[in-house]
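J.: Have a look; sequence and predicted model below, questions after that.
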Amino acid sequence: MVRLSLTPKSVIDYWQQLTPLTKGLLILLAVNTIVVLPSVLVSLSDRYIFDLAVRPREMPQYHLLKFLTVQQDLDSWEPMWQAFEQLKAAPKEPLYAEIFFDQHTKFQYPLTSLLLFYALQAVLAPFTSHYPQALYAVLAIASWISFVGLLVVSVNIFNTACQQTNAIRPQNSEQILRTVLLVLLGLSFYPAIRAYSLGQIQAWINLLFAVMLWCWMREKQQIAGVLGGLVCLVKPQYAVILLWGLLRRRWRFAIAFFAVTAAGWLVACIMFGVANNLDYLQVLSFISKRGEAYFPNQSVNGLLNRLLFNGSNLTWTADAFAPFSPWVYIGTLASSVLLLIGALRPARNRRSRGHTVDFVLVSLTATMASPVAWEHHYGILLPIYALLLPQLCQYRIWGVLTLPLLGLSYILASNYFYITKKFAALPLLNIAQSYLFFGALIVLLILYRLRDRVTSQPPDQPDQVPITERS
C-alpha cells in the first residue's frame, strides 16, 4: 500500500520540481482567492446578517450553483422570444418600432439573431406541444454545453500557446495539475459563468470566439472566418474584425466571414423585409447616444455615466436607458473612434500583420469600443488569458512587472467586487466600479506592447515569441 507523505519538505520539493508556468497558475489561483475575500465578507454581512431573505444573486457562487444544477435566467431568450412571436404574427411590420420603442423591451439584437429561433422551432415543434418551455430547456442545455466547451477550448489554447512558445513540457502528473488549475480558474471566471447564469446568448459567443481563436492559432483561417460570421449575425459590432481581415489581407478569413454574414442577412431580408432589417440602425443609434449607467456596463460610456451620475447606477432598469448627455455621448464616441483606429492602424512592419496577437487585439477592441459592454461580454477574456500567460512567461515585455500586471488584470476581470458598490454615490471614487474595464484595458495595453515588440525584432532573434502570422 502506497503512503502519501505530506510534510513541509515534501511540499517544498514538489514545488521546486514544477515548471514556471505551473507555479504561475498556482500563485494566480491562490492570490485570486485571497484578494476577493474582503468583498465576499462585505457581501455576506449585507445580505445574510441584515437580510436573510435576500438571495446572493450577484455573488459568483450563486451563478456557479446555477451552472452545476443546469439552471439559468432568460436575459437574452425572453426578449428574443417576444420579438420572434411578434415577427410570426406580422413578419413584414416594423418590429423595432413596436418591441423596442413602444413596448420598451430591450431586444437589442439584429433580426438575423432570430433565425436561430426559426431553426429550433422547425426541429422542436413536431415533438412537443409545450412550447416555448421546450425551447428554453434546449437553450439552457446548449448554454451549459457552451460554458463547458469554453473551458475545454481555453485549455487547448493554453496548451497550443505552450507549444508555440517552446515552453518546457511538463510530466504527465504536472500536466494533469495544470489542467485542474485551468478549469478551476475558468469556473471562477465571473464574466463567463454570469453569461451562462443570466441565460445570455453571449455564452454561445464566448465559445465561438474561443474556437475562432484556436483555429487562428492553428492556421485554419477559413473556419475562423465562418465562426466570426456567425458571431457577427448576433453582434454586428464584430464586423470590425472583418474590416481588420480585409486591411490585413487575410483573404480566406475575410471571404468566409463575409459569406456567412451576407447569407444570414440575405435570408433575414427575404423573410422580414429590407426595411425591417434597416430599422435596426435606429436601435443602434438610440443606444449609442445614451448607453447604460448601471454598474455592470464596463465601458467608457458606463464609466462616464456613473461619473456624472447620469442614470441609475445600482439598479437595473428593464425599460429605459440612461438619459441623453452630450458630454457622455461625445466622450463615448471619441473613445470608440480612438480604440478602433488603434486596433486597425497598420503595424510597424509587414511581419506583424494578421498574427495571433493582432487578431486578439482587434477582437477585444470590438467589445471595449461598444457603448454598452456588459460584464458577461468580457467572457472572451478567458481564452485570451490562456493565450497570453505562456507567451508572457517566455517574453517579458515589461521585465519583472510583466506577469504581475497580467495577474492584476486577471484578478480585476475575473471577480465580482461587491465592495465597490459602497462607492457608488461618491464623486470620482465611483470610478472603482469600472474595475473590469480597467482589467481589460491592461490586457489591451499588453497586446499592443507584445505586438510591437515582436515586430521590432529580426526573425532569427532567439527569444522571439513564435506567433502564428502566415495566411
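T.: Everything's here; your move. Numbers count the residues shown, from 1 in each chain.
J.: got the buried residues for stretch 144-156?
T.: 144, 146-147, 149-156 (16 or more other C-beta atoms under 10 Å). (C-beta placed from N, C-alpha, C; glycine too.)
J.: Equivalent analysis for stretch 61-69, please.
T.: For stretch 61-69, burial by neighbour count (16+ other C-beta under 10 Å) applies to 63-64, 66-67.
J.: Strands - which of these land there?
T.: With DSSP state E as the criterion, strands contain none of the buried residues of stretch 61-69.
J.: gap between stretch 28-35 and the chain center?
T.: 21 Å (C-alpha atoms, centre = their mean, to the nearest Å).
J.: which residues touch it?
T.: Stretch 28-35 has contacts (C-beta atoms under 8 Å, 6 or more residues apart in numbering) with 181, 184-185, 188, 407, 410-411, 414-415.
J.: Neighbour-wise, which one of those residues leads?
T.: For the contacts of stretch 28-35, counting by other C-beta atoms under 10 Å, the largest number of neighbours falls to Ser414: 25 neighbours.
J.: dump the residue contacts of the nearest residue to it once chain neighbours are set aside.
T.: In space, and not counting its chain neighbours, Ser414 is closest to Phe189: 4.8 Å by C-beta to C-beta, 6 or more residues apart in numbering. With contact set as C-beta under 8 Å, 6+ apart, Phe189 has these partners: 379, 381-382, 413-414.
J.: what's the answer for Leu95, then?
T.: 83, 86-87, 111, 272, 276, 279.
J.: Tell me the one of these nearest Pro371?
T.: Asp279 (18.7 Å; C-beta to C-beta).
J.: ok, now how distant is the closest one from Pro94?
T.: From Asp279 across to Pro94, the span is 6 Å (C-beta to C-beta, to the nearest Å).
J.: One more: Leu405?
T.: From Leu405 to Pro94 the distance is 49 Å (C-beta to C-beta).
J.: ends of stretch 236-256, how far apart?
T.: 16 Å (C-alpha to C-alpha, to the nearest Å).
J.: Go through it and flag the buried ones.
T.: By 16+ other C-beta under 10 Å, the buried positions in stretch 236-256 come out as 236-245, 248, 250, 252-256.
J.: Stretch 319-334 too?
T.: Buried residues in stretch 319-334, defined by neighbour count with 16+ other C-beta under 10 Å: 321-322, 325, 328-329, 331-332.
J.: Of the contacts of stretch 28-35, which is the nearest to Ala263?
T.: Distances from Ala263 to the contacts of stretch 28-35, taken by C-beta to C-beta, are shortest for Ser414, at 36.2 Å.
J.: that older thread, which of the contacts of Leu95 fall within helices?
T.: Residues of the contacts of Leu95 located in helices (DSSP state H): 83, 86-87, 272, 276.
J.: still on that earlier bit, quick one: which of the contacts of Leu95 is most hemmed in?
T.: Leu111 (26 neighbours).
J.: pLDDT score assigned to that one?
T.: On pLDDT, Leu111 comes in at 95.
J.: measure Leu340 to Trp244 for me?
T.: Separation of Leu340 from Trp244 (C-beta to C-beta): 10 Å.
J.: quick one, phi psi at the nearest residue to Ala424 once chain neighbours are set aside?
T.: Nearest residue to Ala424 in three dimensions, chain neighbours excluded: Asn313, at 4.8 Å (C-beta to C-beta, 6+ apart). Reported as degrees, to the nearest 10, the phi and psi values for Asn313 are phi -90, psi -40.
J.: can you check Trp374 too?
T.: Here is the backbone geometry of Trp374 (degrees, to the nearest 10): phi -70, psi 160.
J.: Make residue 1 into 467 and carry on from there
T.: All set: I'll call the first residue 467, so the last point we hit is now Trp840.
J.: ok, what's across the strand from it?
T.: Per DSSP bridges, the residues bridged to Trp840 are Asn763.
J.: thinking again about what came up before, just to be sure, which of the buried residues of stretch 610-622 are found in helices?
T.: 610, 612-613, 615-622.
J.: hang on, the earlier thing: residues contacting the residue nearest to Ala890?
T.: 759-761, 772, 890-891, 896, 899.
J.: What ranges in the protein fall below the confidence cut-off?
T.: 467-472, 475, 504-524, 594-596, 633-634, 813-819, 920-937 (pLDDT under 70).
J.: on that earlier part again, show me which of the ones in helices among the contacts of Leu561 is closest to Leu601.
T.: Nearest member of the ones in helices among the contacts of Leu561 to Leu601, counting by C-beta to C-beta, is Ala549, at 13.6 Å.
J.: what number of residues lie near the closest residue to the closest one other than its chain neighbours?
T.: Nearest residue to Ala549 in three dimensions, chain neighbours excluded: Phe573, at 4.6 Å (C-beta to C-beta, 6+ apart). Per other C-beta under 10 Å, the neighbour tally for Phe573 reads 22.
J.: So Phe573: helix, strand or coil?
T.: Assigned with DSSP: H, G, I helix; E, B strand; the rest coil, Phe573 falls in the coil class.
J.: so it touches Pro545, yeah?
T.: Yes - using C-beta atoms under 8 Å, Phe573 is in contact with Pro545, at 4.1 Å.
J.: what residues are shared contacts of those two?
T.: Joint contacts of Phe573 and Pro545 (C-beta under 8 Å, 6+ apart) are Ile565.
J.: quick one: which of the buried residues of stretch 610-622 is nearest to Val733?
T.: Val733 has its nearest neighbour among these in Ser612, at 23.2 Å by C-beta to C-beta.
J.: how far away is that closest one from Gly845?
T.: For Ser612, the distance to Gly845 - C-beta to C-beta - is 10 Å.
J.: Between those two, which contacts overlap?
T.: With C-beta under 8 Å, 6+ apart as the test, Ser612 and Gly845 both reach 669, 672.
J.: which SSE is Ala606 in?
T.: For Ala606, the host element (DSSP states H and E) is helix 599-630.
J.: Output the contacting helices and strands for that helix.
T.: The contact analysis (3 or more C-beta pairs under 8 Å, 6 or more residues apart in numbering; DSSP states H and E) places helix 599-630 against helix 543-555, helix 581-590, helix 638-653, helix 656-664, helix 668-683, helix 847-860.
J.: Let me have those in JSON lines, extended by distance to Ser829.
T.: Putting those into JSON lines (distance: least, C-beta to C-beta, whole Å) gives the following:
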{"stretch": "helix 543-555", "distance to Ser829": "24"}
{"stretch": "helix 581-590", "distance to Ser829": "22"}
{"stretch": "helix 638-653", "distance to Ser829": "19"}
{"stretch": "helix 656-664", "distance to Ser829": "15"}
{"stretch": "helix 668-683", "distance to Ser829": "7"}
{"stretch": "helix 847-860", "distance to Ser829": "8"}
